[in-house]
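Student: pasting the structure only:
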């Protein structure tokens, strides 16, 4: 009676161990895609061959994504080619030789963009700042947008009359999780109150509307969207000066993915021929007074 | 807690089976093809050390939240349980309210209650409504856990044999006196282990308050994880929660054991 369960346990665990052994053989052949050097479409290291799989979070917010919302996407539609990140993705895809119909979008919540293991996307494009610490876990493309942080406040509140960074210290700030806005608050504004950090853009906006935070720090193009659509009585108090280590958005790739260099080539061409600049002019407003 | 009650042979089998079990488990995990990556991403000692001080500081907010919540939950839940056990048709509306409350707050996901109160109440723009997210987090957890804990109390009250109440009443005690002096003292003592169980649940659910923007331990670990693209800070936060719940869980076990011994000793 007593011995039976123990034997069953040992047998079960042996099966488990054997199962793991088998999968290790299989996976070792999966990770040999780093040799490709050519950027010919047929040589690219892709999740699904013949198709470029791009990831971003849902909802996909303007001005980064545009078009009318189309299920399963909310707020906008990445397939539209409208909005800066969608437009850049299609421009890169074209340089790599993909037709518009060969680009597929999948939902990648920010937190899963850097989950270990094989990625479901070729690259993730979701206003993710490239930093050396993050680059230890994933590969970033070169910059497709050099970003400045900006401060959104509600008109008529006390903070709305502040004119310098030094005058911002006594206020409570909020930022969205995963953005470098939080670091900017902590390292540059150094406020006396603990900043709030929100999982989503919506939660941050709700807190600003409720006056639970005095100011919301977001990247400048997002600040324009927040003030024009999400917080009607909101106002961009100003953008923050570029810090010693300028910030830029990069596409996220699985570590060691050979596709990065091909995307970088494409981005370099788009930068050289002025495409990136004209797409920025088309989709992103980026003019606001600089807070000193 | 014991090795199976068969003396030395039982101990030997328990030790052997434990060694075999964990050896196979550890081997299975560490020989998995993705283990180096998993270890680097979840169990990176450098990241652990780097993130721990800030997470530990943020954890004080969790402690504050569950201590204050629990101080309200225990008396409120008892009151609710008493209301639900009031006899007679006169108290029917009160009983219905009590049932509706318990059903509602046990049914709605805690995170929703937190979001609804934390963002909804301040959105009313009433000047006397507090804006603090921590305040609303505490209110939400108190509401939800009062519903759970009142069920625990009620189970305790109902476990006291009706003859106890009948005897008390026959001695001339009123319903209220009987409840206060005879039923509740026995009921509460019996439900201390499940009360502590809910207290442990409350401790973990303080992490949900982070949804409102409060930087508690889990939110701080999310911030660190997002900054480094490494999940080790989550593990650091988990270590803190576990460090708090394990002693409490063992204490609960000890209470159960003590209670059982006592009852066996008195034959009741």
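Tutor: Happy to help now that I have it. What you are looking at is a predicted structure, and each value in this text was computed from that prediction instead of being measured.
Student: Break the chain down into its domains, please.
Tutor: Since no chain was named, I'll use chain A. A:37-146+A:247-283, A:149-239 (automatic domain parsing).
Student: Hmm, no, I was thinking of chain B.
Tutor: With automatic domain parsing as the reference, chain B has domains B:1-31, B:44-266.
Student: and the first one, how far out from the chain's middle?
Tutor: Okay, so that is domain B:1-31. Centroid separation for domain B:1-31 versus its chain: 30 Å, with Cα atoms, centre = their mean, to the nearest Å.
Student: same check, this time on the longest one
Tutor: The gap between the average C-alpha position of domain B:44-266 and the chain average comes to 5 Å, counting by Cα atoms, centre = their mean.
Student: Average pLDDT for that domain, rounded please.
Tutor: The predicted model assigns domain B:44-266 a mean pLDDT of 92.
Student: any chance of the domains of chain A in a markdown table, with mean pLDDT and mean neighbour count too?
Tutor: C-betas here are computed from N, CA, C, even on glycine. Putting the domains of chain A into a markdown table (pLDDT from 0 to 100; neighbours: other Cβ atoms under 10 Å in any protein chain shown) gives the following:
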| stretch | mean pLDDT | mean neighbour count |
| --- | --- | --- |
| domain A:37-146+A:247-283 | 92 | 19 |
| domain A:149-239 | 92 | 20 |
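Student: Which residue, other than its chain neighbours, is closest to residue A:106?
Tutor: residue A:55 (5.1 Å; Cβ to Cβ, 6 or more residues apart in numbering or on different chains).
Student: gap between the one you found and residue A:122?
Tutor: From residue A:55 over to residue A:122 the distance is 8 Å, taken as Cβ to Cβ, to the nearest Å.
Student: and what of residue A:90?
Tutor: 14 Å.
Student: try residue A:250
Tutor: From residue A:250 to residue A:122 the distance is 14 Å (Cβ to Cβ).
Student: can you check residue A:171 too?
Tutor: Per Cβ to Cβ, residue A:171 is found 41 Å from residue A:122.
Student: and what of residue A:99?
Tutor: Taking Cβ to Cβ, one finds residue A:99 at 15 Å from residue A:122.
Student: coming back round to it: what's the closest of the domains of chain B to residue A:219?
Tutor: Smallest distance to residue A:219 across these (Cβ to Cβ): 14.9 Å, for domain B:44-266.
Student: Is any residue of that closest one near chain A?
Tutor: Yes: Domain B:44-266 lies within reach of chain A by Cβ under 8 Å from any Cβ of the partner chain, at B:119, B:122-123, B:125, B:131-133, B:210-215, B:219, B:222-223, B:225-231.
Student: Buried ones among the residues you listed?
Tutor: Buried subset of the residues of domain B:44-266 next to chain A (neighbour count, 16 or more other Cβ atoms under 10 Å in any protein chain shown): B:119, B:122, B:133, B:210-215, B:219, B:222-223, B:225-231.
Student: Show me which residues of the stretch 51-200 of chain A are close to chain B?
Tutor: With Cβ under 8 Å from any Cβ as the criterion, the stretch 51-200 of chain A meets chain B at residues A:110-111, A:114-117, A:131, A:133-134, A:136-138, A:174, A:177-178, A:182-183, A:194-199.
Student: Take those residues and keep only those in strands.
Tutor: Using DSSP state E, the subset of these located in strands is A:138, A:174, A:196-198.
Student: For chain B, state which of the residues you listed is nearest.
Tutor: Checking these against chain B with Cβ to the nearest Cβ, the nearest one is residue A:196 at 3.2 Å.
Student: got a list of what the closest one touches?
Tutor: Going by Cβ atoms under 8 Å, 6 or more residues apart in numbering or on different chains, residue A:196 touches A:172-175, A:207, A:212-213, B:133, B:212-215.
Student: and which of the residues you listed is nearest to residue A:40?
Tutor: Residue A:40 lies nearest to residue A:175 out of the contacts of residue A:196, by Cβ to Cβ, at 42.0 Å.
Student: Report the beta-bridge partners for the closest one.
Tutor: Under DSSP bridges, the beta-bridge partners of residue A:175 are residue A:197.
Student: which residues in chain A form strands?
Tutor: A:52-56, A:103-107, A:123-124, A:138-140, A:145-147, A:149-154, A:173-176, A:196-198, A:215-219, A:234-239, A:247-249, A:252-254.
Student: out of the ones you listed, which comes closest to residue B:264?
Tutor: Checking these against residue B:264 by Cβ to Cβ gives strand A:196-198 as the closest, at 52.5 Å.
Student: gap between the closest one and the chain center?
Tutor: That offset, for strand A:196-198, works out to 17 Å (Cα atoms, centre = their mean).
Student: returning to that earlier point: give me the subset of the buried ones among the residues of domain B:44-266 next to chain A that lies in helices.
Tutor: Among these, the ones falling in helices (DSSP state H) are B:122, B:133, B:219, B:222-223, B:225-228.
Student: can you put the residues you listed in CSV and add distance to residue A:237?
Tutor: CSV is the format used below for those (distance: Cβ to Cβ, whole Å):
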residue, distance to residue A:237
B:122, 22
B:133, 23
B:219, 25
B:222, 27
B:223, 24
B:225, 30
B:226, 25
B:227, 25
B:228, 30
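Student: same for the longest helix seen in chain B, what does it pack against?
Tutor: What stands out as the longest helix in chain B, according to DSSP H, is helix B:45-84. Counting contacts by 3 or more Cβ pairs under 8 Å, 6 or more residues apart in numbering or on different chains; DSSP states H and E, helix B:45-84 is packed against helix B:92-107, helix B:133-159, helix B:184-190, helix B:192-205, helix B:217-228, helix B:232-266.
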